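Engineer: I would like to see how this sequence folds:
(2 chains)
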Amino acid sequence: MKSNILLATTLAMSLLVSVSTMAADYVIDIEGQHASVNFKASHLGYSYVIGRFNDFSGEFSHDSAKPGESNVKVIIQAKSLDTNHAERDKHLRSADFFEVDKYPVIAFESTSFKNGQLVGNLSLRGITKSVALDVTKIGEGDDPWGGYRSGFEGEVSLKATDFGLPDWVGDVAVSLQVEGIRQ
Amino acid sequence: MFNTVDRFGLISIILHWLMAIIVIGSFGLGWYMVDLTYYDSLYIKLPFLHKSVGIVFGLLLIFRLVWKVINVKPTFEVGLSRLERLAAKTVHWGFYCLMALIVVSGYLISTADNSSISVFDIFQVPATITSIPEQEDIAGLVHEYLSYGIIGLTVLHASAAFKHHFIDKDNSLRKMLGIR
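Structural biologist: Modelled structure (predicted):
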């Protein structure tokens, strides 16, 4: 009996140790606003509309020694979109575009990461598709306030029609800059 | 020009019919313009017209309320029951409240991002309240439903006017048409 408890404790300990030697977990720094989700769409082919989602949250795990084990999860509140134009934002939230009443959340969850390509499932407007983001690491290290951070930038071009958005929107360039605080 | 105890003055009559035309016209315009596609040549023009007319309407409403206060009110037709008088007053004040709220909610949609509203390119109305959460969406819903409400009230009001004119054969509609 005693040895069983000892065994269990040892197992639990080793499990904890093995967890902590795995990739570190980071929470995206929303509070300090060191993260952004942006999109850029063509306007008539003459210029661009630039927008962002202001309300999102996410976490990732990353170990610079084993980058292949990294994974990322981001949840975006669709209604927080902001193109600095109230009438356009209202229209973008309507059923003509994001239909945020019906599809309040845009979610991304990675499935693999190698050679700077983060592949994962993007759910938007009730449609889930695999997309591949080009990811570059911006930096990693101690911050001045006793914490430890690492940051990445990801870019992907999405076809509007793939997610049920009007075809005249064309391709939309999406970029994310995320800084995570190690937990 | 001014109202008397037995008839409406010219200013009151013009205000009534001009604002009636704007209420019905802006409703139709708003109804039509929200479904225009992005590449429609009227996509910019009609909302501009709708907003310009809406602001002018708000100014007319302020003037109308001032005019109402400084004028005498023609007396009710004889033989109206207390209930009929109360109903008439309620509908009239319902109109004033709806007109004001529709103008304000429309204004709050377009100015939610702190941009001003151009009135026929003649002058600008600046933004004031911009910090209500999801302001353009909430104001949009209020604007839409109150607009259905004012059309409903218009149907009720016009039906009552016809009832008084054709069935009761009294002078209530004639007074608003300026006919003796």
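
Engineer: Over to the residue nearest the centre of chain A. Which of the three states is it?
Structural biologist: Centrality entry for chain A: nearest residue to the mean C-alpha point is A:Val74, 3.6 Å, by C-alpha atoms, centre = their mean. Here A:Val74 is recorded as strand under DSSP: H, G, I helix; E, B strand; the rest coil.

Engineer: Count the residues that sit near the closest residue to it other than its chain neighbours.
Structural biologist: Of all residues beyond its chain neighbours, the one nearest A:Val74 is A:Gly58 (3.6 Å), with distances taken as C-beta to C-beta, 6 or more residues apart in numbering or on different chains. Quick note: C-beta positions are derived from backbone N, CA and C, even for glycine. By the measure other C-beta atoms under 10 Å in any protein chain shown, the count of residues near A:Gly58 is 21.

Engineer: Then B:Ile22?
Structural biologist: Residue crowding around B:Ile22 was assessed by other C-beta under 10 Å; the count is 18.

Engineer: State the pLDDT value of the residue nearest to the centre of chain A.
Structural biologist: A:Val74 carries a pLDDT value of 97.

Engineer: Let me know the distance separating it from A:Val135.
Structural biologist: In this view, A:Val74 and A:Val135 are 13 Å apart by C-beta to C-beta, to the nearest Å.

Engineer: Can you find the helix or strand of chain B with the lowest average pLDDT?
Structural biologist: The helix or strand of chain B with the poorest confidence is helix B:172-177; it has a mean of 93 (mean pLDDT, DSSP states H and E).

Engineer: and for that one, what are the contacting residues?
Structural biologist: With C-beta atoms under 8 Å, 6 or more residues apart in numbering or on different chains as the contact definition, helix B:172-177 has outside contacts at B:6-8, B:13, B:16-17, B:74, B:77, B:161-162, B:164-165, B:180.

Engineer: Can you lay out those as a markdown table showing distance to A:Ala107?
Structural biologist: Shown next, in a markdown table, are the contacts of helix B:172-177 (distance: C-beta to C-beta, whole Å):
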| residue | distance to A:Ala107 |
| --- | --- |
| B:Asp6 | 70 |
| B:Arg7 | 67 |
| B:Phe8 | 62 |
| B:Ile13 | 60 |
| B:His16 | 55 |
| B:Trp17 | 55 |
| B:Pro74 | 64 |
| B:Glu77 | 65 |
| B:Ala161 | 56 |
| B:Phe162 | 57 |
| B:His164 | 61 |
| B:His165 | 62 |
| B:Arg180 | 71 |
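
Engineer: Contact partners for residue 58?
Structural biologist: In the absence of a named chain, chain A is used. Listed by C-beta under 8 Å, 6+ apart, the contact set of A:Gly58 reads A:27-28, A:35, A:72-75, A:178.

Engineer: my question was about chain B
Structural biologist: B:100, B:103-104, B:107.
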